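Peer 1: predicted structure and sequence below. I'll ask about it afterward.
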Amino acid sequence: MNGALDVALRLVAVFVVFLAFPLIVGQTEHKVMAHMQGRLGPMYAGGFHGWAQLVADGVKFAQKEDVVPAEADRRVFQIAPAVALLPYLLVLLVIPIGPGEGAVGQALDAGVFFALAVMGVGVLGSLMAGWASANKFSLLGGLRTAAQLLAYELPMLLAAASVAMAAGTVSLPGILHAFHWWWLPWQLIGAVVFFVAGLAELQRPPFDMPVADSEIIFGAYTEYTGLRFALFLLAEYAGIVVLCGLTTVLFLGGWHGPWGADGLGWVWTLLKAAILAFVVIWLRVTYPRMREDQLQKLSWTLLVPLSLVQIALTGIVKVVIS
Amino acid sequence: MTPAPAPSLAAAPHGFLSPTGVEIAFLLVGLVTFGAALITVTTRQLVHAALWLVVALGGLAVEYLLLTAEFIAWVQVLIYVGSVVVLLLFGLMLTRAPIGRSPDADSGNRWAALAVAVAAAVALVWVVADAFRTTWIDLTGPAAGSTRVTGASLFRYWVLPFEALSVLLLAALVGAIVLSRKAKAGTGTEADGTEADGTPPAVPSARKDGAR
């Protein structure tokens, strides 16, 4: 195939995934939450079980007035949603969904580092929004976002480093090529730490202290309206897609499954990621919000030591089997 | 920060700046990085300075990429853009981060700072130019800065400086803990000192409660 055409096709495919999957996760969240709470959820938009609810929401957001507060720092305020959203688009590029050449947007030599580094940049968007809004609630939200990121970036990185040690490579397809089924119990602690820390980095419940609506309205996004607000929401759901995809690839074996690893590998990847996304929604419905000190305590006294234990375990097993 | 001069020297054996695409890109990104760094130190708006620092550090990461050091580039983004700048912004927000100009953002030491910066830049450029005068990067061959190559050279040839650096960082870590504990034991009310260095505010108070 022509080189430029190949690149363009890959970019288009990743972009379509980037636009479609977060909406699917969002719609699933509507319906799953509703049924867990004994409701029906959206039923009217689009006819069949309200499937077009989020499309309708998008149209609504697009019609709203775009307000920038008078005291705000205009330029930073306006750039912030893009800074929050674009990193997740970049991370999607490197997540492989199947074993073949064509199943990954761009295979990188240091894919794990790329994914984690760029995900960390996304939080900068929330910080910019929190500061530039000239609103005390927003500033508090930004502060809490920063504190949370500082606390949870470390265990996430250590857990990912454990897998990289086990595989002997930091490339995402390389890790999957080295995968064996017994990595599941071996890397179990790391998987839990990674997933929990990722949830905290995305500020999903029960780690949604930075946007706690009963205390600080909507944290850093309080002053946002219309399309820019929608972009922040989209960033959250794109973050769920990226986190579930990364956890699948790093800890759950990606395209590996009991059968059909060659032709149907991508089905396994999508299935595992979908189950993880369901767990994300499930956790939101199940657990109450954690207090700020509990958040910090969980990270520093539980997740960081656990991830260090995982690294030690990985090292010992690696030395024993080699 | 010395963004611009390195490429021309690295490419010296092939002629002074033979204008291939990568070299032109390197120079342009270097100029952007240099400009962002200049704005960082000259702007009167504190938070804008931190945000321009993001541009400068990101530009450096792109430069590493263009030099085929992919691993170093992502680590640069991870550590500096993702953590150090977040820590900086956190500190700014905790203390004061006014929107608009800060009239007192200028330091009386700026000429001394400029002199030190120029001296450091000259020394760095001199050392780098002298050390890498005859080396150049083969852009068409296998990546010279892949994770495997970087790791091998780091832990095979440069392991002693690496270990010395880790000891230095450990000493800094211990020092930070000692300083923050001493400030707390001294007065008990000076919460600002411990929070401004990035320690999450909830943790010290929890520890204080536990200690009493």
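Peer 2: Here it is on my side, so go on.
Peer 1: I figured residue A:171 hits residue A:114, correct?
Peer 2: No - contact criterion C-beta atoms under 8 Å: residue A:171 and residue A:114 do not qualify, at 9.6 Å. (Glycine included, C-beta is placed from N, CA and C.)
Peer 1: I figured residue A:30 hits residue A:39, correct?
Peer 2: No - in this structure, residue A:30 is not within contact of residue A:39 by C-beta under 8 Å, at 9.8 Å.
Peer 1: who has more neighbours, the two?
Peer 2: Neighbour count, other C-beta atoms under 10 Å in any protein chain shown: between residue A:30 and residue A:39, residue A:30 has more, with 17 against 12.
Peer 1: mind listing what the more buried one touches?
Peer 2: By C-beta atoms under 8 Å, 6 or more residues apart in numbering or on different chains, the residues touching residue A:30 are A:41-42, A:50, A:53-54.
Peer 1: tell me the mean pLDDT over the helix or strand hosting it?
Peer 2: Secondary structure assigned from DSSP states H and E places residue A:30 in helix A:3-36. Mean pLDDT, computed over helix A:3-36, is 85.
Peer 1: could you point out which element follows it?
Peer 2: helix A:53-63.
Peer 1: can you list the weak-confidence ranges in the chain?
Peer 2: Let's take chain A. Along chain A, the model assigns pLDDT under 70 to residues A:1, A:100-105, A:260-262.
Peer 1: other chain: chain B
Peer 2: B:1-19, B:97, B:100, B:105, B:140-145, B:183-212.
Peer 1: check contacts around the residue nearest the centre of it.
Peer 2: For chain B, the residue nearest the mean C-alpha position is residue B:80 (5.7 Å; C-alpha atoms, centre = their mean). Listed by C-beta under 8 Å, 6+ apart, the contact set of residue B:80 reads B:57, B:60-61.
Peer 1: for those residues, which ChimeraX command selects only the ones that are buried?
Peer 2: Buried subset of these, written as a ChimeraX selection, criterion 16 or more other C-beta atoms under 10 Å in any protein chain shown:
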select /B:57,60,61
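Peer 1: just want the residue of chain B that's nearest chain A.
Peer 2: residue B:82 (2.9 Å; C-beta to the nearest C-beta).
Peer 1: isn't that residue up against residue A:120?
Peer 2: Yes - look at residue B:82 against residue A:120 with C-beta under 8 Å: they come within range, at 2.9 Å.
Peer 1: of these two, which one has the most company?
Peer 2: Higher neighbour count among residue B:82 and residue A:120: residue B:82, with 26 against 23, using other C-beta under 10 Å.
Peer 1: grab the longest helix from chain B for me.
Peer 2: Longest among the helix segments of chain B by residue count, using DSSP state H, is helix B:159-187.
Peer 1: does chain A sit close to that one?
Peer 2: No - using C-beta under 8 Å from any C-beta of the partner chain, helix B:159-187 never reaches chain A; the gap is at least 12.7 Å.
Peer 1: now for that helix, which elements pack on it?
Peer 2: For helix B:159-187, the packing partners by 3 or more C-beta pairs under 8 Å, 6 or more residues apart in numbering or on different chains; DSSP states H and E come out as helix B:191-196, helix B:202-211.
Peer 1: just the buried residues of stretch A:51-66, please?
Peer 2: A:52-54, A:57-58, A:61.
Peer 1: between those, which sits nearest chain B?
Peer 2: For the buried residues of stretch A:51-66, the nearest to chain B is residue A:61 (26.1 Å; C-beta to the nearest C-beta).
Peer 1: could you find the closest non-adjacent residue to that closest one?
Peer 2: With C-beta to C-beta, 6 or more residues apart in numbering or on different chains as the criterion, residue A:61 has its nearest non-adjacent residue at 3.9 Å, and that residue is residue A:230.
Peer 1: what about the one you found, distance to chain B?
Peer 2: From residue A:230 over to chain B the distance is 23 Å, taken as C-beta to the nearest C-beta, to the nearest Å.
Peer 1: tell me which element that residue is part of?
Peer 2: Assigned by DSSP H and E, residue A:230 belongs to helix A:226-251.
Peer 1: which helices and strands does that helix pack with?
Peer 2: helix A:3-36, helix A:53-63, helix A:74-94, helix A:111-132, helix A:136-167, helix A:172-177, helix A:188-202, helix A:265-286.
Peer 1: try it again at 6 Å.
Peer 2: helix A:3-36, helix A:53-63, helix A:74-94, helix A:188-202, helix A:265-286 (3 or more C-beta pairs under 6 Å, 6 or more residues apart in numbering or on different chains; DSSP states H and E).
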